[in-house]
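*Asks:* return atomic coordinates for the entry below.
(chains A and B)
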Amino acid sequence: MKILKALITKEFYQILRDPSSILIAFVLPLMLLIIYMYGVNLDTVRLTMGLKVDDPSQQVTTLIDSFKNNKFVTPVVYNNPQKMYDDLTGSKLRGIVVIPNDFSSKLDRKDIAAIQVITDGSEVNLANYVQNYSKMIVAQWLYYTSKYSGEIPPDLINIDTRYWYNQDINSHYFILPGSLCITMTLIGMLLTALVVAREWERGTMEALLTTKVTKMQIVLGKYIPYFIVGMISMSFNVFMCINVFQIPFRGSLLILFIFSALFLFTAMGQGLLISTVLKNQFTASQAALVGGFLPALMLSGLVFPIISMPVPIQWLSKVVPSSYFVSCIQSEFMTGTVYEIIIPNCIFMGVLGIILFIVVYKKTQMRLE
Amino acid sequence: MIPSVEIKNLTKQFAQGEPAIDNLTLNIEKGKITGLIGPDGAGKTTLIRLIAGLLTPSKGEITTLELSPVQQRDLLNTKIGYMPQKFGLYEDLSVIENLNLYADLKGILKPEKEELFNKVLDITDLNNFRPRLAGALSGGMKQKLGLACTLLGKPDLLLLDEPSVGVDPISRRELIKMVRELTDEGMTIFWSTAYLDEAHSFDNCIVMNEGKIIYSGLPHNLSETTTGFEEKVIELMGGFNPEPSELAEKFELKEDNGEYVIEALDLAKKYGDFYAVKNNTFHIKKGEIFGLLGPNGAGKSTSFKMMCGLATPTRGTAKIMGQDILKNPSKARSYLGYMAQKFSLYGDMSVLQNLSFFSGVYGLNIFQRKEKINEIVDIFHFKKYLDRDAKELPLGYKQRLSLACAVMHNPPVLFLDEPTSGVDPITRREFWHHIKALSKKGVTVMVTTHFMDEAEFCDRISLFYKGEAIATGSPKELKTMANAKTMEEAFVGLIREREREIVKSER
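*Replies:* Next up is the predicted model:
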């Protein structure tokens, strides 16, 4: 017990004196949160669109006004088509709306009038926005222009959409809590991937092995300190999310901490395993990044929904612990505690964590060969 | 005689190649200091690790302190103190934190702790450095702290693996004195070293080569004098028969100008409030071997780095072949061959790849490259290591490779920063054989070393202490100055004298 305490104290001194571990545990997560809060936006965006109006009639000016008054669109009116196309190619415009010269005359004749919308297909998402915004603006204009409103066929079906669990469809509400997963993976895996390798590289492991230390003490001496650091960092992140960034939290903090602890346990197992086996800080950090961090980011369902993945990749995501964590944390934040999700996911993380712990223990060498 | 360690027909075979320890039988006498010497790759470290139970024997038996290192390791660990080559210190922990950690790991109880710390800190003279981080200590102090940590459990057997690599003569003397006092209390010490003078002063001595013992007995039975002992040991290891240095013969000295090839003009380097080097001025003539000597942290390496443009001087400048290192850095550097203290080749590349890389960097054309590489492979006997990764080479070969890469472009000036640190006696001789021959050809050499016998080979020496050159002259002149017989006495004498002056002036 005393030996374990000494090892843990030592580890804490090292953590406190190594600016990079503070960086990984606190500064980096904060930066991530800020980037996700203010940098990443998967929702509606404001677009600059080119407008070319060849129809000089009275009604069309009101259509231009509807474009100008829309809060999602900044229209730029062009007279020179070539200039407009160049600006689209130069990414100054996201799309172009051309109103042909027979637009109002066709409408007046009750023919089908055409509007041309050109979008920049290299940015698929934005191209969709251009299309939808244009449709929406024109439809509204048609509805409110008394001259034509009588011509619109009535809707037979009224679709009334409600977004459960996220009424404002604000993507921050799920991305920010989800980013906790990245933070925890960083601490759990990257930080721990370095620490055992460091002891081997600096020759301190050799000295340790000729003292009274037991295998279990070496392993726990690594698990416990980084577990504590990870949980502190996690609390800090949760605090930032809920109190500073005002993300709604509907579940129970206790449950949140329980499954976070389980996830941290598995991530640390992965990190320590890498470190114990590779014994070299550089290769260990690379392995943690490629083998641990990237799958956690890509396959967890945080950035790309798991159901939209090909089936074999979906299976792969089943063995990535972060996918279990992400589904737990998103449901905890947005829905409240759903035991049907929490319990099986916790069981999986717990079992994986224990298996990894056993493997780390087995792989820890007490001799130099 | 009661042995502390009994070894019978011990063989240790690693995955590939020859056995590291080959059918070895040995007894280590209780209460004595036994020195272990031998060339690099002789199996010294492997032997020590086997005794400590860090490795398991492939064949044969070891009994350490009447225990089996294989089965009874937990018990054995409480009775031995083992100091690995890198001292096993946590560099980001302070002196006292390191001690506390190792005390706890060795199961020392709180009431004894304080008394024990006072004792080891007194012995090691580290009492004033308690809060200092281990990483910020000088080499000599680290070594002492490493020893202090090892001594905490009051071991019956102390295993030291080359503790004095890169440590200055003063610190080494203090270490030996410390350890001596320990044997008076009945401790057994097994000490691997590359310093033959050290080994000569021990009670027993074991010479190893290729996993076998080639001599075991009293060092004085080999020879009464240190020099004689050295000769004998080198002879035992296979001897060094100097043939004319091919390296020097093949060397083409191109440029030639001016009287002084290397000049340091009032060089100074300040880190914060602390002068690492101050008022350093010297002029080195063509073909001279100029030695920089001094305790760890005296400013030798800093001077080196400034002179080859790796560090910017706070004041002053240096000239190489008349080119100012600050104004014309790349021109000045093109005259240089530099061998850094730390192994600075590519460890993950093979010997051949390193050689061809460096020949390319130094701008040799494709035909010259091939020729030069073949030449070097011949001279340094790299043939059997060509495809081996550089990091896996025995230390002596690493150093040879570093030297080879430094001289590949026929530089008229060579900077060698502790080229022989940790290298075995035969390789050291070979090195100096090349260096002397190169200087005869007109190559100017600036070198640092902790080996006093090597200092004797220098034409002139500058003795550094606390960032200043306190004495400059030929080895003979320095000895006369200090009124000493050997270089080591001169070194210690001149520094002690300076210390007294400093103390006086502070009063």
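
*Asks:* what residues are up against the closest residue to chain B within the stretch 1-150 of chain A?
*Replies:* Going by Cβ to the nearest Cβ, chain B is nearest to residue A:6 of the stretch 1-150 of chain A, at 3.3 Å. Every residue, glycine included, has its C-beta placed from N, CA and C. By Cβ atoms under 8 Å, 6 or more residues apart in numbering or on different chains, residue A:6 lies in contact with B:100, B:101, B:104, B:105.

*Asks:* again, but for residue A:266
*Replies:* The neighbours of residue A:266, taking Cβ under 8 Å, 6+ apart as the test, are A:188, A:321, A:349, A:352, A:353, A:356.

*Asks:* number of nearby residues for the first one?
*Replies:* In this case it means residue A:188. By other Cβ atoms under 10 Å in any protein chain shown, 31 other residues sit near residue A:188.

*Asks:* give me the pLDDT for it.
*Replies:* We note a pLDDT of 85 for residue A:188 in this prediction.

*Asks:* centroid-nearest residue for chain B?
*Replies:* For chain B, the residue sitting closest to the mean C-alpha position, by Cα atoms, centre = their mean, is residue B:421 at 2.7 Å.

*Asks:* where do the helices of the stretch 1-150 of chain B begin and end?
*Replies:* Remark: helices assigned in the stretch 1-150 of chain B by DSSP state H, counting those that start in this stretch are B:44-52, B:73-77, B:95-105, B:110-124, B:139-151.

*Asks:* who wins for proximity to chain A among these?
*Replies:* Going by Cβ to the nearest Cβ, the one of the helices of the stretch 1-150 of chain B nearest chain A is helix B:95-105, 3.3 Å.

*Asks:* give me the mean pLDDT for the closest one.
*Replies:* Per-residue scores along helix B:95-105 average to 92.

*Asks:* what comes up buried for stretch B:235-255?
*Replies:* If you call a residue buried by 16 or more other Cβ atoms under 10 Å in any protein chain shown, then stretch B:235-255 has these buried ones: B:236, B:237, B:245, B:247, B:248, B:250, B:251.

*Asks:* got the CA coordinates for that stretch in PDB?
*Replies:* Taking C-alpha atoms only, stretch B:235-255 is exported to PDB below (Å, rounded to 0.1, in the frame of the first residue of the first chain):
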ATOM      1  CA  GLU B 235      47.100  -7.300 -24.100                       C
ATOM      2  CA  LEU B 236      44.600  -9.600 -22.500                       C
ATOM      3  CA  MET B 237      41.800  -8.300 -24.600                       C
ATOM      4  CA  GLY B 238      43.700  -9.100 -27.800                       C
ATOM      5  CA  GLY B 239      46.100  -6.100 -27.900                       C
ATOM      6  CA  PHE B 240      46.300  -3.100 -30.000                       C
ATOM      7  CA  ASN B 241      48.900  -3.200 -32.700                       C
ATOM      8  CA  PRO B 242      49.100   0.100 -34.300                       C
ATOM      9  CA  GLU B 243      49.500   0.100 -38.000                       C
ATOM     10  CA  PRO B 244      49.900   3.400 -39.700                       C
ATOM     11  CA  SER B 245      46.500   5.100 -39.600                       C
ATOM     12  CA  GLU B 246      44.900   4.500 -43.000                       C
ATOM     13  CA  LEU B 247      42.300   7.100 -42.100                       C
ATOM     14  CA  ALA B 248      45.100   9.700 -42.000                       C
ATOM     15  CA  GLU B 249      46.800   8.300 -45.100                       C
ATOM     16  CA  LYS B 250      43.800   8.600 -47.200                       C
ATOM     17  CA  PHE B 251      43.000  12.000 -45.900                       C
ATOM     18  CA  GLU B 252      43.300  14.900 -48.300                       C
ATOM     19  CA  LEU B 253      43.900  18.200 -46.700                       C
ATOM     20  CA  LYS B 254      42.700  20.900 -49.100                       C
ATOM     21  CA  GLU B 255      42.600  24.300 -47.700                       C
END
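
*Asks:* for that stretch, give the mean pLDDT please.
*Replies:* On average, the pLDDT along stretch B:235-255 is 78.

*Asks:* contacting residues around that stretch?
*Replies:* Contacts of stretch B:235-255 (Cβ under 8 Å, 6+ apart): B:38-39, B:207, B:209, B:214-215, B:234, B:321, B:335, B:375, B:378-379, B:407, B:410, B:412, B:424-426, B:429-430, B:433-434, B:436-438, B:440-443.
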